[in-house]
Each structure stands twice: as C-alpha cells, then as structure tokens.
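Student: Kindly generate the corresponding structure for this input.
(one chain, ligands or ions: 1)
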Amino acid sequence: MSPYKSILLCSGLVLTAQASVLQFTNPTTCCSLLDSKFPGESKVFSSTALEYEALTFYWTPTAQVLPRCVFTPYNTNDVKKAVKLFARRNCQFAVRGGGHSYNPGWAGIKKGVLISLGNMNHTTYNAGTGLATVDGGSRWTDVYGDLLPYNITVLGGRNSDLGVGGYLTGGGISFYANKEGWAADNIEGVEIVLGNGTVINASKTQHSDLLRSVKGGSNNFGIITKFRLATVNATGLFNGWYMRYPFASTDSYLAAAESYCNGGVDTDTRSHIIFSASIVGMGNMTNVALMAYDGALDPSNPPSVLGPFFDGTVANPTFQWFAPNGTIKSATDGLRDAQGSGNRYTMTTLSIRVELSLLKKLRKAWLEMTTTDLRVIPGFLVQFAFQPVGATWIAASAAKGGNSMGITEPLAVMWIQLRWDNQSDDAQLLQYSRRLIRRFEKIASRAGKLASFRYLNYGDRFHKDDIIPSYGSESVTRLQSAKELYDPDNVFGRLVPGGFKIPGY
Ligand SMILES: Cc1cc2nc3c(=O)[nH]c(=O)nc-3n(C[C@H](O)[C@H](O)[C@H](O)COP(=O)(O)OP(=O)(O)OC[C@H]3O[C@@H](n4cnc5c(N)ncnc54)[C@H](O)[C@@H]3O)c2cc1C
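Tutor: Purely as a prediction, here's the structure:
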C-alpha cells in the first residue's frame with residue numbers, strides 16, 4: 001500500500017485551504033493527494049523511499065533543501081495533473097530540471113513537493129522542419145548525443161551535464177553564442193503547462209508573447225515539457241581549449257582580453273572565449289582563457305582572433321586542452337568532467353562595458369579583498385570571470401525575434417564563483433561574495449561602465465528581486481503583461497517560492 005494511502009483516508013480533516021485563502025495545504029496532504037492521482041504508478045517518493053536521496057542530489061550541496069516528497073512525471077499529462085492539483089489545493093511546489101542552480105530553493109523546496117523532470121528526457125529530430133524536439137527534463141549530453149548522428153546539434157550547455165529547462169529559460173550561453181545569439185533565441189516553440197493546468201504550444205505565430213517571455217523569464221510562466229529548437233550544422237571538428245597564464249602575464253592577458261571583447265569577438269564568430277582568473281587556497285593567482293572554436297584548431301597556427309592566446313603575446317601559456325579536434329559533445333563532456341559536482345559553491349554576477357583600465361581596477365579590488373583569512377578556508381577557490389556579449393551576438397538575438405533580456409549594446413557578463421568544503425563556512429563566504437560584487441558595482445559605476453543587465457543563470461539568492469528588473473522597463477512591462485495573460489492566478493509566483501520573480505508577482 002502506498003505510504004500516502006492512510007494519510008489520504010483522513011485527509012478530509014486537514015484539507016482546509018482553498019485557492020482563495022492565503023494558507024498553503026499541509027505538504028504531507030499534498031503528497032498524498034498527488035500519489036492518489038497515480039495509483040500503482042510509483043511516481044511520488046517520500047523521504048523514506050530508496051529513490052529519494054538520488055532525486056534530491058544537486059550539483060552543489062549548497063543548493064540542497066529537502067522536500068516532503070518528490071514527484072517524477074513521465075509525460076506532459078502527468079505534469080498537467082500535478083499542476084492542476086497544486087493550483088486547486090494551494091500546494092507549494094518547486095520544479096527541477098538538471099539541478100544546477102546554485103541557490104537553495106530555486107529548483108528545490110523545503111517541505112513542499114518537488115517536481116523532478118528527469119524522466120522526461122527524449123530528443124527527436126525532424127529533418128523536414130530542421131527542428132529538434134527536446135523534452136523539458138533532458139540534459140545536454142543526451143541531446144547532443146542523440147543529434148550528432150544527423151550531423152547537427154543545438155545551442156546548449158558548455159557543460160553537458162546541465163539541464164535544458166533551467167538553462168534555456170535563463171537565457172543560455174552556448175559555445176555558438178557569438179554567431180547564433182543566446183541559446184534561448186533558438187527556441188522555435190515550447191509546449192508548456194500553465195498554472196491552471198492548460199497545456200499550450202507557443203511558437204512564433206501562436207502565443208508569440210509567451211514564447212518570447214520564457215526566453216529569460218525562468219520558471220515564472222509554467223513548466224516547459226518540450227522545447228522545439230533550431231539546429232546548426234555539426235559536420236566539422238569542434239575544439240575546446242583551456243590555457244593558463246601566470247600572474248606575471250596579467251597585463252598582456254587583460255590587454256588581449258579587452259581587445260577580444262571590444263571587437264575581436266565579432267570578427268570571427270566561430271570563436272568563443274571565457275576569461276577567468278582563479279585563486280586556489282594560498283596558491284598563486286592564475287589567468288585562464290577557456291577557448292572554443294567551431295572548426296579545426298592547430299595551436300601552432302590558430303585562427304587569427306585566438307592568436308594572442310597561443311603565440312606568446314600573452315606570455316608563458318601552459319597548454320591544458322580539454323577536448324581538441326572533437327565534437328560539441330566531446331568538448332562539453334570534457335568540461336562536465338572538469339567541473340565535477342559535490343563541492344559547496346556560490347555564484348554572483350553583474351555586467352560591464354569593457355575598458356582595460358576598469359578590468360585592471362576590478363582585478364586589483366578582487367586581489368585586495370581575497371584576504372588570507374578567506375584563503376585558508378578548507379577547499380577555498382575563487383574564480384573571477386567575464387566574457388563578451390558582442391554586436392554579432394546581439395544582432396543574432398534580434399534577427400531571431402528577441403528575448404526577455406533587453407540587451408541592446410555590447411557588454412561583458414562578469415561573474416564571481418566561489419567554492420569551499422564545509423557548510424560551517426557558508427556564511428563567511430556568502431558575505432565575501434556579496435561584498436565583492438557590491439565593490440565591483442561601485443567601481444564600474446564610478447567609471448561609467450556599469451551595465452544594468454544581470455545574467456539570470458549566474459544570479460545569486462541575494463539578487464532574487466534584481467535580476468528580472470535588470471532587463472529594463474520595456475522587458476519588465478512585457479513580462480508583466482504575459483504573466484497577467486498566462487498565469488493570472490500567479491500560480492508560479494504564489495506557490496513556487498524559489499527563483500527570480502517578475503516584479504509584482
Ligand atoms: C558547472 C556549471 C556550469 C554552467 N555552465 C553554464 C554555461 O555554459 N552557460 C550558461 O548559460 N549557464 C551555465 N551554468 C548555469 C546554468 O545555466 C544554470 O544553473 C541553469 O539553471 C541550469 O539548468 P538546470 O535545469 O540544470 O537547473 P535547475 O537547477 O534544475 O533549474 C533552474 C531553474 O529553472 C527552472 N526550470 C528547470 N527546468 C524547467 C522547465 N522545464 N520548465 C520551467 N522551469 C524550469 C527551475 O524551477 C529553477 O528555478 C552553469 C552552471 C553550473 C553549475
């Protein structure tokens with residue numbers, strides 16, 4: 001007998017909350033009701049179930065919160081039944097794709113019901129339309145693997161372990177971004193379960209306002225059960241390179257980075273670079289260029305835009321390739337393996353308009369603020385990274401119908417990522433990340449180079465209410481109108497406590 005059966009038998013006594021009352025139904029009752037919707041189907045797991053531990057594992061344990069039960073739908077109809085029930089009974093819930101958000105409660109919920117989409121993970125390709133249809137709970141490694149036999153791929157995670165749902169609804173920076181725009185720009189349509197349980201297909205011709213809204217609008221509109229994605233050719237070689245440069249090379253490194261950000265990137269859109277610097281414990285700071293190239297790459301004769309990072313212009317490079325001359329799958333699997341799960345992490349972000357003197361000031365502040373008392377914390381690593389969103393990227397977004405993110409001028413997305421070992425150090429390191437980003441804001445603002453945009457997928461919990469407003473008032477107004485139309489009862493604001501919300505919801 002289901003563990004929830006007996007609870008359900010007496011649920012009449014506890015089922016008091018109605019949609020109109022601002023009181024949530026007891027999560028145990030919600031779990032029981034849900035279980036009763038799927039008799040004999042083993043789709044609802046309580047904390048005593050063997051499956052529970054795996055279902056509540058997150059890429060970083062900093063994100064972990066424990067739900068009362070986990071619901072594992074297999075198809076759109078399952079999702080629809082659950083959402084209908086939650087809306088009717090005022091049950092709080094969360095939606096989890098690949099579980100890579102750094103923030104506790106974004107793809108998890110304390111005590112409520114977690115909908116984990118991992119069983120919805122099929123990919124198909126229609127050669128006639130040139131579109132791939134990808135289930136909302138898929139991970140990129142499977143998507144790439146399923147599509148490569150057709151010599152095509154889609155814009156997806158640079159780390160192949162990411163889930164498609166969170167990544168695409170947050171925007172999605174892929175290795176093809178400089179040529180093709182945000183990964184979200186390449187969504188041609190979605191099948192989405194709305195807050196009232198209705199399933200609709202949004203495309204560029206039907207409910208186009210909803211389609212545009214989910215491109216950066218996160219989980220505010222519904223649960224996306226299928227993405228229809230434009231594909232790109234993947235017949236040639238794909239390269240992922242990882243190069244290190246010592247502290248002494250910082251000036252030449254930053255000069256080359258500035259030049260790439262301010263124009264170089266647009267001259268060869270097959271290239272892609274993430275610029276970062278890391279400090280691990282008490283070790284020396286190192287500079288890194290994580291480069292990808294959609295084509296062959298011979299390090300002794302690289303594409304000219306990547307030349308400075310190979311030919312000694314940025315002095316003393318150390319080669320550390322992660323996927324030379326392979327495929328998009330091998331490059332992104334390589335990064336997945338390099339960025340293994342299990343450590344405590346946080347991430348915070350802002351955007352700037354790139355200027356060399358500003359990059360130097362930010363680096364200086366970062367080094368000053370990364371003091372010894374932090375560096376001795378077990379497992380300490382801090383990474384300071386940025387990458388350009390150039391003119392060709394922005395033009396590609398516009399040509400494909402636009403998105404919610406409101407970027408009209410080139411900028412660089414900048415982020416700080418912190419890693420450490422022990423929960424007891426959470427407070428100190430979260431505070432450090434907050435102080436650091438505030439100092440960066442001040443410095444960039446004083447230089448007149450602070451951009452308003454904050455990238456949702458790199459956003460932290462302290463900016464819960466700042467991310468969507470950072471898209472600008474025009475985007476916010478559009479998102480609010482879509483919210484009014486497609487989630488008028490605010491199911492995904494009211495009943496889903498985690499995530500970045502639309503102002504007023
Ligand atoms: C190691 C690592 C590497 C990364 N690399 C990149 C990168 O290269 N480019 C990039 O842009 N970002 C990157 N990110 C950030 C990543 O895009 C976000 O963490 C994103 O949220 C991951 O999606 P997910 O489905 O795995 O996340 P989850 O944590 O499962 O979900 C994140 C949010 O999306 C919502 N959601 C998930 N699925 C759906 C769905 N089907 N319908 C509606 N809402 C849904 C959830 O409710 C949650 O609020 C990286 C993160 C990590 C940890």
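Student: Okay, strands next: where are they in the stretch 151-300 of the chain?
Tutor: Using DSSP state E, counting those that start in this stretch, the strands of the stretch 151-300 of the chain run over 152-153, 187-193, 199-203, 223-230, 232-233, 238-246, 271-280, 286-293.
Student: how about those strands, which one is nearest Gly112?
Tutor: With C-beta to C-beta, the closest approach to Gly112 among these belongs to strand 223-230: 14.8 Å. (Each C-beta comes from the backbone N, C-alpha and C, glycine too.)
Student: Contact partners for Met243?
Tutor: For Met243, the contact set (C-beta atoms under 8 Å, 6 or more residues apart in numbering) comprises 288-289, 291, 309-310, 317-320.
Student: cool, and Ser330?
Tutor: Neighbour list for Ser330: 238, 240, 323 [criterion: C-beta under 8 Å, 6+ apart].
Student: May I ask which helix or strand encompasses it?
Tutor: According to DSSP states H and E, Ser330 maps onto helix 328-338.
Student: again with Arg435
Tutor: Arg435 is located in helix 426-446, with elements delineated by DSSP H and E.
Student: Determine the set of other helices and strands touching the helix or strand just after that helix.
Tutor: Once the chain leaves helix 426-446, the next helix or strand it forms, by DSSP H and E, is strand 450-451. For strand 450-451, the elements it packs on are strand 344-352, judged by 3 or more C-beta pairs under 8 Å, 6 or more residues apart in numbering; DSSP states H and E.
Student: same thing but at 10 Å, please
Tutor: Contacts of strand 450-451 with other secondary structure elements, assessed using 3 or more C-beta pairs under 10 Å, 6 or more residues apart in numbering; DSSP states H and E, are made with strand 344-352, strand 411-420, helix 426-446.
Student: The second one pairs with which strands?
Tutor: Here strand 411-420 is paired, per DSSP bridges, with strand 344-352 (antiparallel), strand 381-389 (antiparallel).
Student: ok, and the closest non-adjacent residue to Cys69?
Tutor: The spatial neighbour of Cys69 that comes closest, neighbours along the chain excluded (C-beta to C-beta, 6 or more residues apart in numbering), is Cys31 at 3.8 Å.
Student: which residues does Cys69 form a beta bridge with?
Tutor: Cys69 has these beta-bridge partners by DSSP bridges: Ser46, Val113.
Student: hang on, the earlier thing: so does the helix holding Ser330 get close to the ligand?
Tutor: No. No part of helix 328-338 sits near the ligand under the criterion C-beta under 6 Å from any ligand atom; the closest distance found is 7.5 Å.
Student: which bits of the stretch 301-450 of the chain sit near the ligand?
Tutor: Counting by C-beta under 6 Å from any ligand atom, the residues of the stretch 301-450 of the chain that sit close to the ligand are Gln339.
Student: Now do the contacts for the closest residue to the ligand within the stretch 301-450 of the chain.
Tutor: Nearest to the ligand, among the residues of the stretch 301-450 of the chain, is Gln339, at 4.2 Å (C-beta to the nearest ligand atom). By C-beta atoms under 10 Å, 6 or more residues apart in numbering, the contact list for Gln339 reads 59, 100, 158-159, 161, 345.
Student: ok, so of the contacts of Ser330, who is nearest Trp366?
Tutor: Each of the contacts of Ser330 was scored against Trp366 by C-beta to C-beta, and Gly240 proved nearest at 25.8 Å.
Student: I'd guessed the closest one sits against Gly334; true?
Tutor: Yes. Taking contacts as C-beta atoms under 10 Å, Gly240 lies within contact range of Gly334: 5.6 Å.
Student: any common contacting residues for the two?
Tutor: Residues within reach of Gly240 and of Gly334 at once, by C-beta under 10 Å, 6+ apart, are 158, 321-324, 326.
Student: Which positions in this protein make contact with the ligand?
Tutor: Residues of the chain found near the ligand, taking C-beta under 6 Å from any ligand atom as the criterion, are 59, 95-101, 106-107, 117, 136, 157-159, 162-163, 165-167, 169-170, 172-173, 218-219, 223-224, 339, 457, 498-499.
Student: Just the ones in helices from these, please.
Tutor: With DSSP state H as the criterion, helices contain 165-167, 169-170 from among these.
Student: most neighbours, which of these?
Tutor: Neighbour counts for those, by other C-beta atoms under 10 Å, peak at Thr169, which reaches 29 neighbours.
Student: what's near enough to touch that one?
Tutor: For Thr169, the contacting residues are 95, 97, 136, 184, 187, 190, 213-221, 224, 227, 404, 456-457, 499, by C-beta under 10 Å, 6+ apart.
Student: Pull up the distance across stretch 258-277, start to finish.
Tutor: In terms of C-alpha to C-alpha, to the nearest Å, the two terminal residues of stretch 258-277 are separated by 14 Å.
Student: What residues of that stretch count as buried?
Tutor: 258-262, 264-266, 268-277 (16 or more other C-beta atoms under 10 Å).
Student: circling back: including pLDDT and distance to Lys360, could the ones in helices among the residues of the chain next to the ligand go into a markdown table?
Tutor: As requested, these are exported to a markdown table (pLDDT from 0 to 100; distance: C-beta to C-beta, whole Å):
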| residue | pLDDT | distance to Lys360 |
| --- | --- | --- |
| Gly165 | 98 | 39 |
| Gly166 | 98 | 34 |
| Tyr167 | 98 | 32 |
| Thr169 | 98 | 35 |
| Gly170 | 98 | 30 |
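Student: Pull the most distant pair out of the residues you listed.
Tutor: With C-beta to C-beta as the measure, no two of those lie farther apart than Gly165 and Gly170, at 9.3 Å.
Student: Name the residues contacting each of these two.
Tutor: Counting by C-beta under 10 Å, 6+ apart, the common neighbours of Gly165 and Gly170 are 218-219.
Student: about what we covered before: got JSON lines for the helices and strands packed on strand 450-451, with mean neighbour count and mean pLDDT too?
Tutor: Listed next are the helices and strands packed on strand 450-451 as JSON lines, based on neighbours: other C-beta atoms under 10 Å; pLDDT from 0 to 100:
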{"stretch": "strand 344-352", "mean neighbour count": "23", "mean pLDDT": "97"}
{"stretch": "strand 411-420", "mean neighbour count": "23", "mean pLDDT": "98"}
{"stretch": "helix 426-446", "mean neighbour count": "16", "mean pLDDT": "97"}
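Student: how does the protein divide up, domain by domain?
Tutor: The record, using automatic domain parsing to delimit domains, assigns the chain the ranges 5-118, 123-234+472-494, 238-469.
Student: what's the first-to-last distance across the last one?
Tutor: The reference is to domain 238-469. The separation between the terminal residues of domain 238-469, taken as C-alpha to C-alpha, is 36 Å.
Student: now the angle between strand 411-420 and the helix holding Arg435, please.
Tutor: For helix 426-446 and strand 411-420, the angle between their directions (axes from the mean of the first three to the mean of the last three C-alpha atoms, to 10 degrees) works out to 160 degrees.
Student: for helix 426-446, packing partners?
Tutor: Helices and strands in packing contact with helix 426-446 are listed as strand 344-352, helix 356-369, helix 372-375, strand 381-389, strand 411-420, strand 450-451; criterion 3+ C-beta pairs under 10 Å, 6+ apart.
Student: could you redo the last one with a cut-off of 7 Å?
Tutor: Contact here means 3 or more C-beta pairs under 7 Å, 6 or more residues apart in numbering; DSSP states H and E; on that basis helix 426-446 packs against strand 344-352, helix 356-369, strand 411-420.
Student: who's in contact with the second one?
Tutor: Identification of contacts with helix 356-369 by C-beta atoms under 7 Å, 6 or more residues apart in numbering yields 250, 254-255, 257-258, 277, 285, 352, 384, 435-436, 439-440, 443-444, 447, 449.
Student: again, only this time at 10 Å
Tutor: Here helix 356-369 has contacts from 247, 250-251, 253-255, 257-259, 261-262, 275, 277, 279, 285, 287, 350, 352, 355, 382, 384, 386, 412, 414, 416, 432, 435-436, 439-440, 442-444, 446-450, using C-beta under 10 Å, 6+ apart.
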